[in-house]
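J.: fold the following and give me the result.
(one chain, ligands or ions: 2)
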Amino acid sequence: MAEPLKVLVTGAAGQIAYSLLFSVGKGDVFGQDQPIILVLLDIPPMMGVLEGVVMELNDCSLPLVKGIICTHDLEEAFTGIDVAFMVGAMPRREGMERKDLLKANVKIFKQQGEALDKFAKKDVKVLVVGNPANTNACICAKYAPSIPKENFSAMTRLDQNRAQSLVANRLGVPNSDVWNVIIWGNHSSTQFPDVQHAKVKIGGEDKNAFEAVKDDSWLKNEFVSTVQKRGAAIIAARKLSSAMSAAKAACDHIRDWWNGTQEVGFNFQSIFSINLIFLKN
Ligand SMILES: NC(=O)c1ccc[n+]([C@@H]2O[C@H](COP(=O)([O-])OP(=O)(O)OC[C@H]3O[C@@H](n4cnc5c(N)ncnc54)[C@H](O)[C@@H]3O)[C@@H](O)[C@H]2O)c1
Ligand SMILES: O=C(O)C[C@H](O)C(=O)O
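T.: Ligands and ions are numbered 1, 2, ... in the order given. Modelled structure (predicted):
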């Protein structure tokens, strides 16, 4: 078996991490032949909660998990890591935009960018989930100048999954039969979900999304605004921001980055204003 990968999850006592740690631990991201060491970082007041998470991870009896490190110390958390899921940050509440989190969250990503620079492997892959994700990714990369910029990405995979699933549900086809959905722009209400190049397998044929949906007005209006406002709709309904779907998207993002996408050639993620994934999964 391969050497274990050291995988850091920040915000490990929070709600996204609660789903994420289980999926990573059971092999959904790095595969069934890849052992891992899970590194769990949170702030000192959350260490008690984190102990409970560790108890549960142990009780899951996951064969691929070769060790669990639980800490609030940045040097211990970031030393020698191969992958970082940067989740630890404040979530927004009802009525807020993601950019309202800048004041609270940007300083976390400056500090953790510096820690990446000092302690992580130079080929570490970093996924920033904490909002505002694109700005935080940019800051993280800026404060880790010894790590290539292309090793940093911001999570817009949740928007991509939302767009893919809306089209699939509209047509009554499996999600896997919709691909090449693009999200342009930041993970914010100004993003643009684009299905101009999307394909759908329907009735045994591959069709362009517009041809398959046969409702241009829906695709140009309601579909776009539903994806743009989905995060806020979940907060209004759950009184908490998305967690299960965010964890799934983080796993999808790193799995495809680590292993490559299944079928279609071009797959690029930028930490700046464009996030593209052409993907069939
Ligand atoms: N990009 C996306 O698609 C997406 C989707 C959903 C949520 N989010 C964002 O992810 C973040 C986390 O959401 P959540 O629901 O898990 O929140 P949460 O409040 O449940 O958990 C956040 C955790 O981060 C910890 N934390 C705070 N400061 C930290 C620090 N300096 N170092 C390490 N840990 C720290 C907190 O103690 C807490 O345990 C939020 O910013 C949220 O807006 C992004
Ligand atoms: O909307 C939020 O604040 C959480 C997350 O970014 C989401 O899109 O669900």
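
J.: for the rest of this, base every contact and every neighbour count on C-alpha atoms.
T.: Fine.

J.: show me what whichever strand or helix holds residue 76 is packed against.
T.: Per DSSP states H and E, residue 76 falls inside helix 74-78. Other elements packing on helix 74-78 under the criterion 3 or more C-alpha pairs under 8 Å, 6 or more residues apart in numbering; DSSP states H and E are strand 36-41, helix 102-119.

J.: quickly run through the sheet partners of the helix or strand just after the longest one, with directions.
T.: Spelled out, it's helix 102-119. Moving toward the C-terminus from helix 102-119, the next helix or strand (DSSP H and E) is strand 125-128. Strand pairing for strand 125-128, determined by DSSP bridges: strand 83-86 (parallel), strand 152-154 (parallel).

J.: and the helix holding residue 76, what's buried?
T.: Going by neighbour count (16 or more other C-alpha atoms under 10 Å), the buried part of helix 74-78 is 74, 76-78.

J.: outside of that helix itself, list whatever touches it.
T.: The contact list for helix 74-78 (C-alpha atoms under 8 Å, 6 or more residues apart in numbering) reads 8, 39-41, 69, 71, 112, 115-116, 119-120.

J.: show the buried residues in those residues.
T.: 8, 39-41, 71, 112, 115-116, 119-120.

J.: how about the residues of the protein by ligand 2?
T.: Residues of the chain lying close to ligand 2 by C-alpha under 6 Å from any ligand atom are 91-92, 98, 231-232, 241-242.

J.: again, only using 8 Å
T.: Proximity of the chain to ligand 2 (C-alpha under 8 Å from any ligand atom) is limited to residues 91-93, 97-98, 130-133, 158-159, 187-188, 229-232, 234-235, 241-243, 245-246.

J.: so which of those residues also contact ligand 1?
T.: 91-92, 98, 130-133, 158-159, 187, 231, 241-243, 245-246.

J.: let me know the closest of those residues to ligand 2.
T.: Within the set of those, residue 231 lies nearest ligand 2; the separation is 3.3 Å, counting by C-alpha to the nearest ligand atom.

J.: ok, that closest one - contacts?
T.: So residue 231 contacts 241-242 (C-alpha under 8 Å, 6+ apart).

J.: pLDDT score for the closest residue to residue 65 other than its chain neighbours?
T.: Leaving aside its chain neighbours, residue 65 sits nearest to residue 36 (5.2 Å; criterion: C-alpha to C-alpha, 6 or more residues apart in numbering). With respect to pLDDT, residue 36 scores 98.

J.: and residue 36, how many neighbours?
T.: 23 (other C-alpha atoms under 10 Å).

J.: host element of residue 94?
T.: Using DSSP H and E, residue 94 falls outside every helix and strand.

J.: what is the neighbour count of it?
T.: A count of nearby residues for residue 94, using other C-alpha under 10 Å, gives 15.

J.: how near is it to residue 235?
T.: Residue 94 sits 6 Å away from residue 235, going by C-alpha to C-alpha, to the nearest Å.

J.: swap in residue 45?
T.: 25 Å.

J.: these two: which has the busier surroundings?
T.: Counted by other C-alpha under 10 Å, residue 45 and residue 235 do not tie: residue 235 has more neighbours, with 17 against 9.
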